[in-house]
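S.K.: Predicted structure and sequence below. I'll ask about it afterward.
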Amino acid sequence: MKTRYILLGSIALTLSACASTPEVEEVVETEPVQQELPPPVVEPAPEPVVQAPPVVQEVYTGPPPGTAEHFKYVSGDDRVYFGYDRYDLSSQARDVLRKQSEWLNQYGQAIVVVGGNCDERGTREYNLALGARRADAVKAFLVSQGVNPSRITTVSYGKERPIAGESNEAAWALNRNAHSSVMVGGNTRS
Amino acid sequence: MLFRRSISVYILSLVIGLFMSVSMSMPAQAQLEVDITRGHTNPTPIAIPDFLNAHPETAQISKDMAKVIRDDLERSGLFAVLDPASYIEKQTDINYQPKFADWRLIKAKALVSGRIVRESENRLRVEFRLWDIYGGEQLDGLRFATTPDNWRRIAHKVSDSIYKRLTGESGYFDSRIVYISESGNKVNRKKRLAIMDQDGANPQFLLGGADLVLTPRFSPSTQTVTYLSWETGRSQVYLLDIETGRREILGNFPNLTMAPRFSPNGTKLIFSMSKGGNSDIYVMDLKSRSTQRLTTDPSIDTSPSFSPDGRKIVFNSDRGGSPQLYTMNANGSNVKRLSFGDGRYTTPVWSPRGDLIAFTKSLNGQFHIGVMGAADGKGERILDSSYMNEGPTWAPNGRVILFSREGRGANGRSSIWSIDLNGQNLLKVPTSGAASDPAWSPLLP
Amino acid sequence: MKFGLPISLVMHLGFIFGGLLIWNTSMSPLRDVEIIPLDLVTVSDITNVKPTQKKPDPEPVEDEPEIETAEVPTESPEGELLADEPPDEEPNVEPEPQSMDDFLDSFSKSVDQARKDNPDANRQAVLGSEIADRTVQGVGNQDGNTVDPIQYLQATMMNCYKVDTGAKDYQSLRVEVRVNLSRDGDIKDLKVLNEMQILASSNNSWRAARDNVIFALNECAPYDKLPKTAYNTWKTLILNFQPTDES
C-alpha cells in the first residue's frame, strides 16, 4: 500500500490515477453537483491529489450518489463473477469489491445483501450450498476492507436467479456470480 | 452358487435316471433334475373388465375405476392390460368363478373382476376379486367402503392390492407427489408449491406463489411437507400441514438452511445449514426442537438422506475436491466415501427398500440419474441421461424413481419423469404445465 | 383314441361335479378395507398466513377400521350360472385347469403364438432368446425320440417363467419344485420343496417368485412333447428355478 501511494504521489497531478485510486476521482467529480456530500473518509490521501480534479472537471451525469444505482455505477458492477464450481475471488472481482467496500464505507447507513448465484450446470441443492460459499467469499472480502459485518447479509439463490437464460458458456459465466444489492435508508445521510 | 453345483447334479441325475429307468426298469426311483435359469421379463397379461354396477348413478364410476386401475398397472411396466374388446366372457356376477378357459384363450394370466354397490347416496361399496387364470383360483378378494368422491383412491387401492399380490411388494398407486409448478422462462421463472396424485390427477397448489420455493419433501405421515422458501428473503426450511394449510419456519435460524428431509419415522428433520459459507449437516428433533450438528468439515456438506432404518445417513460433500456421496452413522460418526466413479455425484436419496442409493451424476456435459449399492457404492447403474436431469425420489416401494428434467436454453421447460430401477419404462408424468422437484409420498393411510 | 371320448366325458363330468363340491370353499370371502378420506386445503395468496411457530395440532382422524368378514352368497351356483349365461350353455364352473382338450388346444396355440409373439412382445426383452429359438424349433419338430427333456423344459419354461428383475436380489430367489407328470405331460401334483425357507424369509418377493414358478408350470402344461418312451425318466421332475444375471 505504501509504495503505491509513494508512487502515486510522485506522478500524481494530472493523471488522477483512475486505476489505483478511482474512488478519489469519483467522489471529487460528484462534489460540484452534490455539495452536501461529506468528503471521503477512507484513505485520507496525504498528497494534495484533491486539488487536481477541478482541472478535468466535467458535469456529473451518473446516478444520484448514495443510491443503489450509484453503488453499481461507482463500483463498476454490482456483481462479481466466479469460475465453474469455484468460490475464490479473481483479481478482477477483488477490484470491483474494493470499490464496493469503499462506497459502503462512505455510505455507512446502507446495508448490503450479497446473493450467491450459480449456473445451471449443477444440481439444485449443491448449487444452494455453492451460492452460499460465493456470497460469503464476497462478505469476507468486504469485511476485510473495513465494512462492518453486521451490515452485510448473505443469501444463496443457487441456480434459481440466472441473469442469462441461454445454455452456453457465456451465459453460464454470467450466471456464476455474487450480487451485492444495497439498500439505502434514504439519501439523507448526516 | 447353488445352481452351478446343480448343473453337474442334474447331469449326473439324468445319467443315473436314464440308466435306472431304461436298463433296470425301476421307474419309481427316477427323477430328472433340471435347472431353469432363464425366463422372460414380459409384462404379465391381465384382464380388467369394467366394474359391474347395478345403479345408474355409479355407471360412470364403474367404467372410470377400471380405467384408473388399467392405467396404474400398465404404467408400472409390469403388466400388459389386455384390450377389453377382446374379452370373451362377460361376467355378470363377480361372486362366481370366471370361465378360465375363455380367459386362457385371450392369454390372460390374471383377471380382475369388480363391482360397485351403491349403499346410499353417500356410501359406495367396491368389491373385487383377483383370479389366477392358469391355476384356476382366487388370489385376492377385497371390499372397500367409502364415499363416492373418493372413488379414485379406491381404484388406486385396488391397483395396489393387485400389484402386491402379484409381485410380492407393496404398490405405490395410492400415493401423492408434491412438486414445484413452474411458469415463465429461465430468467423470469415463477415457482409454486403444488401437489397431485401419483398419476398426475387432482393437481392443486399448496401455496400462493409469491415467493421462491424449492425441494418439497413428504413426512412419513403424508400430511406434512417440508420445503425451502425465500419468503423472508433468504432460504429457510418450512413445515406445511397440507390438510390445515398451517405452516411454520423451522427453527428460524439466523443462517441459511436448505435441503430438508424427514427421518423415516418422522420425528426428526435433517437439513444443511450454511454458517460463514460453510454448509454442514444438522438434525433437529421435531418435538424438543433441539438441534445437533453432524458434520464439521470445512467443505460443502448437504443433501442428507436417512436410511429407512434411520441408522445411517447418505449425504453430498465436496471434501474430496469434487462433489461425491458419503455415508455416516446417524450421529455423524464413521464417515465413508460411497461414490468413486467418474463425474460429480449429488442429490443422494436412500431407497425405502434400503438396498440402493439414487443420485444425480454429472459427467461429459450430461446429467444422469442412477442408482448404486447402499452398502458399498458398487453396482452403479445409470437409468436416464439428459442435458439436465436431477433430484430423484423413490416410489414408496423402492422400485420406481421420479426425477425432474429441464430443457436447454432460455425457454427450457421442466418436466417430471418416472423410470423403474432397471432403467426401463421411462414415462413422462402428466402435469398441467411445467413441473420440477418431485417428491413421492409414502402410501396414503 | 377309441376311449378318448368316454374318458374325456367322464373326466369333464368329474371335474364339474368336483368343482361344484368345492365351489363354496374355493370362493374365498372378501376382506374389508376402509378408506379414510384425506382432504387438502388449498392456500391462496390471500389466506396465506405469516409463518407461525405454533405447532400443528394432531389431526383428529376418524378411523373406524371395520374388519368384518364378508359372506359369500350361498345360493345354488347352478341356477345362477344358467341365469347368468343365457347364450352359453357350457357350464362355466371349471375350477381346475384339468380339461385336457382345452389344455392341448391352448398349449399348442400358445407355443406357436409364443414364438410369434416373443419377438415383438417387447417392452422388455426375452432373456436368452437365441437359445429359446433354437430349442423351441427342435421341439416343434415333434420327433418324439429326439427331444431332449432338459432342453425342452428349459426352452418351454422360458416362455412361461416370468422373472421380476426389479425384485430385491432377484438372482437369489431360488424356487425348487418337484412335479409329478402323467404320461400325457399333465401335472399330477406339484410341490415346492423349499416352501418353508420361502415362507420364513422376510423377502416377500421370494413368495412372488414362487407364485411365478407355479404360474409358469401351470401355464406351460401339458408337457406333451416329452418323449413318451422315456416316461420313467421324467415322470418326476425336480425343477430348480433361479434366474441368472441378465447378460
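M.R.: Everything's here; your move.
S.K.: Which residues are in contact with the residue of the stretch 201-350 of chain B found nearest chain A?
M.R.: Nearest residue of the stretch 201-350 of chain B to chain A: residue B:277, at 2.7 Å (Cβ to the nearest Cβ). Where you see a C-beta, it was placed from the backbone N, CA and C, and this is true even at glycine. Counting by Cβ atoms under 8 Å, 6 or more residues apart in numbering or on different chains, residue B:277 touches A:87, A:132, A:133, A:134, A:135, A:136, A:137, A:139, A:140, A:154.
S.K.: Nearest spatial neighbour of residue C:166, chain-adjacent residues omitted?
M.R.: Nearest non-adjacent residue to residue C:166, counting by Cβ to Cβ, 6 or more residues apart in numbering or on different chains: residue B:399, 4.9 Å away.
S.K.: mind showing which ranges of chain A have poor pLDDT?
M.R.: A:1-57, A:185-190 (pLDDT under 70).
S.K.: So what does the closest residue to residue B:124 other than its chain neighbours have for phi and psi?
M.R.: Closest residue to residue B:124 apart from its sequence neighbours, by Cβ to Cβ, 6+ apart: residue B:148 at 5.3 Å. Backbone dihedrals for residue B:148, given as degrees, to the nearest 10, come out at phi -60, psi -40.
S.K.: What distance do you get for residue B:148 to chain A?
M.R.: Counting by Cβ to the nearest Cβ, to the nearest Å, the separation of residue B:148 from chain A is 40 Å.
S.K.: With residue C:217 instead?
M.R.: In terms of Cβ to the nearest Cβ, residue C:217 sits 48 Å off from chain A.
S.K.: Report all helices and strands that whichever strand or helix holds that residue contacts.
M.R.: Element membership for residue C:217 (DSSP states H and E) is helix C:204-220. Helices and strands touching helix C:204-220, by 3 or more Cβ pairs under 8 Å, 6 or more residues apart in numbering or on different chains; DSSP states H and E, are helix B:151-167, helix C:149-160, strand C:175-181, strand C:187-192, helix C:195-200, strand C:236-241.
S.K.: so what secondary structure elements neighbour the next helix or strand after that helix?
M.R.: Next helix or strand after helix C:204-220 toward the C-terminus (DSSP H and E): helix C:231-234. Counting contacts by 3+ Cβ pairs under 8 Å, 6+ apart, helix C:231-234 packs against helix B:2-18.
S.K.: Mind checking the pLDDT average for the helix it packs on?
M.R.: Helix B:2-18 shows a mean pLDDT of 47.
S.K.: Pull out the buried residues from the helix or strand just after it.
M.R.: Next helix or strand after helix B:2-18 toward the C-terminus (DSSP H and E): strand B:32-36. Within strand B:32-36, the residues that count as buried by 16 or more other Cβ atoms under 10 Å in any protein chain shown are B:32, B:33, B:34, B:35, B:36.
S.K.: Identify each buried residue in the longest helix anywhere in chain A, please.
M.R.: Under DSSP state H, the helix in chain A containing the largest number of residues is helix A:124-144. By 16+ other Cβ under 10 Å, the buried positions in helix A:124-144 come out as A:124-142.
S.K.: can you redo the buried residues of strand B:32-36 as TSV with pLDDT?
M.R.: Formatted as TSV, the buried residues of strand B:32-36 follow (pLDDT from 0 to 100):
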residue	pLDDT
B:32	90
B:33	93
B:34	93
B:35	94
B:36	94
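S.K.: between those residues, which is closest to chain A?
M.R.: Once Cβ to the nearest Cβ is applied, the member of the buried residues of strand B:32-36 that ends up nearest chain A is residue B:36, at 43.4 Å.
S.K.: and residue 168, how many neighbours?
M.R.: Since you didn't name a chain, this refers to chain A. Other residues within reach of residue A:168, judged by other Cβ atoms under 10 Å in any protein chain shown, total 10.
S.K.: meant chain C, my bad for not saying
M.R.: 21.
S.K.: In three-state terms, label it for me.
M.R.: Look at residue C:168: counting by DSSP: H, G, I helix; E, B strand; the rest coil, its state is coil.
S.K.: How about the contacts made by it?
M.R.: Residue C:168 neighbours (Cβ under 8 Å, 6+ apart): B:353, B:355, B:398, C:203, C:205.
S.K.: Chain neighbours aside, what residue packs nearest to the residue in chain C that chain B sits nearest to?
M.R.: Closest to chain B within chain C is residue C:208: 2.8 Å, counting by Cβ to the nearest Cβ. Spatially, and ignoring its direct neighbours in sequence, residue C:208 is nearest to residue B:168 (2.8 Å; Cβ to Cβ, 6+ apart).
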